[in-house]
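J.: no FASTA, just this:
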Ligand code: KIV
């Protein structure tokens, strides 16, 4: 099905109202050119802190700063006409207190013009989510696998296999829903649990490594485009294979420069007669 044409930008309230009506299409975007290319096809674009790993080669998202998120948020906003744009609060910018979270979330909204912020966490972040949403900041939650907690959880593995783990994810998702988030990412969670949580919540769930039954799906755009090829988790599908195309273009360019066949005279400027 082709993407329907929109006349104005999608808001967080419109995303929330899509639950039970139509699947919510989301991708990450970090730059103006990619935002321009994918905007028309998406309901929501996330300026995810995954940019630390995808664009900057970091080993985790822990080193990503507020300044990086604001700079990339501004870039994405310059390329968007349709989608709702949400910017991640990076590690260390919101966990200390609800006041710290408000200050940094407000800065992101003011300096980028985006529509809301995403933060990771469940029960322990519910008070913060409620503080932000009751003061005018739309919040996108994130439960299940939380990459910012990699240093305490010890890695990237799918969660919810034990009763204890599943119960915690259930409570986290419910707490974020009750706190007033407009939607919640469920990441890296066993399929039946993600399905069950989707049915139980009043807000949309956006799955990544979760379930086809989630109210929407999100992928990292570089993964989906086949650009980030260092490893391919099970939940990623390449809808294009751009990595070999980029590499081949660079090889062809290098060969032409070395053979002095590029640039040709048609690529040069001549004096006017
Ligand atoms: O940072 C990110 O890109 C994310 C998505 C994978 C949900 O949090």
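T.: Everything's here; your move. This structure is a prediction, so every number in the text was calculated from the model and none was measured. Numbers count the residues shown, from 1 in each chain.
J.: okay, CA-based contacts and neighbour counts for the rest of this
T.: OK.
J.: Does residue 262 touch residue 252 like I think?
T.: No: between residue 262 and residue 252 there is no contact under C-alpha atoms under 8 Å: 10.0 Å.
J.: who touches both of these two?
T.: Taking C-alpha atoms under 8 Å, 6 or more residues apart in numbering as the criterion, residue 262 and residue 252 do not both touch any residue.
J.: Show me which of these two is the more surrounded one.
T.: The neighbour comparison of residue 262 against residue 252 (other C-alpha atoms under 10 Å) goes to residue 262, with 14 against 11.
J.: Quickly find the element holding that one.
T.: In this assignment (DSSP states H and E), residue 262 forms part of neither any helix nor any strand.
J.: does the spatially closest residue to it that is not a sequence neighbour count as helix, strand or coil?
T.: With sequence-adjacent residues excluded and distances taken as C-alpha to C-alpha, 6 or more residues apart in numbering, residue 262 is closest to residue 256, at 5.1 Å. Following DSSP: H, G, I helix; E, B strand; the rest coil, the label given to residue 256 is helix.
J.: Quick one, grab the pLDDT at residue 256.
T.: At residue 256 the predicted local distance difference test score is 98.
J.: I'd like to know how far it sits from residue 80.
T.: For residue 256, the distance to residue 80 equals 36 Å [C-alpha to C-alpha, to the nearest Å].
J.: Compare neighbour counts for these two and give me the winner.
T.: Taking neighbours as other C-alpha under 10 Å, residue 256 and residue 80 compare with residue 80 leading, 21 against 14.
J.: near the ligand, which residues of the chain?
T.: Contact residues (C-alpha under 6 Å from any ligand atom) of the chain with the ligand: 28, 48, 49, 50, 220.
J.: among those, which two are most distant?
T.: 49 and 220 (10.5 Å; C-alpha to C-alpha).
J.: quick one, which of those two is more surrounded?
T.: Neighbour count, other C-alpha under 10 Å: between residue 49 and residue 220, residue 49 has more, with 29 against 21.
J.: tell me which helix or strand of the protein sits lowest on mean pLDDT?
T.: Here the helix or strand of the chain ranked lowest by mean pLDDT, DSSP states H and E is helix 150-153, holding a mean of 86.
J.: Please list the residues outside that helix that contact it.
T.: 60, 156.
J.: in it, what counts as buried?
T.: Going by neighbour count (16 or more other C-alpha atoms under 10 Å), nothing in helix 150-153 comes out as buried.
J.: next SSE after it?
T.: As assigned by DSSP H and E, the chain's next helix or strand after helix 150-153 is helix 163-178.
J.: For the helix or strand just after that following helix, name the packing helices and strands.
T.: Sequence order places strand 183-187 as the next helix or strand after helix 163-178, per DSSP H and E. Other elements packing on strand 183-187 under the criterion 3 or more C-alpha pairs under 8 Å, 6 or more residues apart in numbering; DSSP states H and E are strand 139-144, helix 163-178, strand 205-208.
J.: where do the strands sit along the stretch 1-150 of the chain?
T.: Taking DSSP state E, counting those that start in this stretch as the criterion, the stretch 1-150 of the chain contains strands spanning 24-28, 44-47, 84-88, 116-118, 139-144.
J.: Nearest to residue 98, out of those strands?
T.: strand 139-144 (12.8 Å).
J.: Now do the closest one: everything it contacts.
T.: Residues external to strand 139-144 that are found in contact with it (C-alpha under 8 Å, 6+ apart): 86, 116-122, 129, 132-133, 159-160, 169, 172-173, 176, 180-189.
J.: Also stretch 160-170?
T.: Contacts to stretch 160-170, defined as C-alpha under 8 Å, 6+ apart, come from residues 122, 143, 144, 159, 189, 190, 193, 197.
J.: Residue 89 versus the closest residue to the ligand within the chain, what's the distance?
T.: Proximity of the chain to the ligand (C-alpha to the nearest ligand atom) peaks at residue 48, 3.4 Å away. In this structure, residue 48 and residue 89 are separated by 9 Å, where distance is defined by C-alpha to C-alpha.
J.: what does residue 152 give?
T.: Residue 152 sits 19 Å away from residue 89, taking C-alpha to C-alpha as the criterion.
J.: Please consider this matter closed, and thank you.
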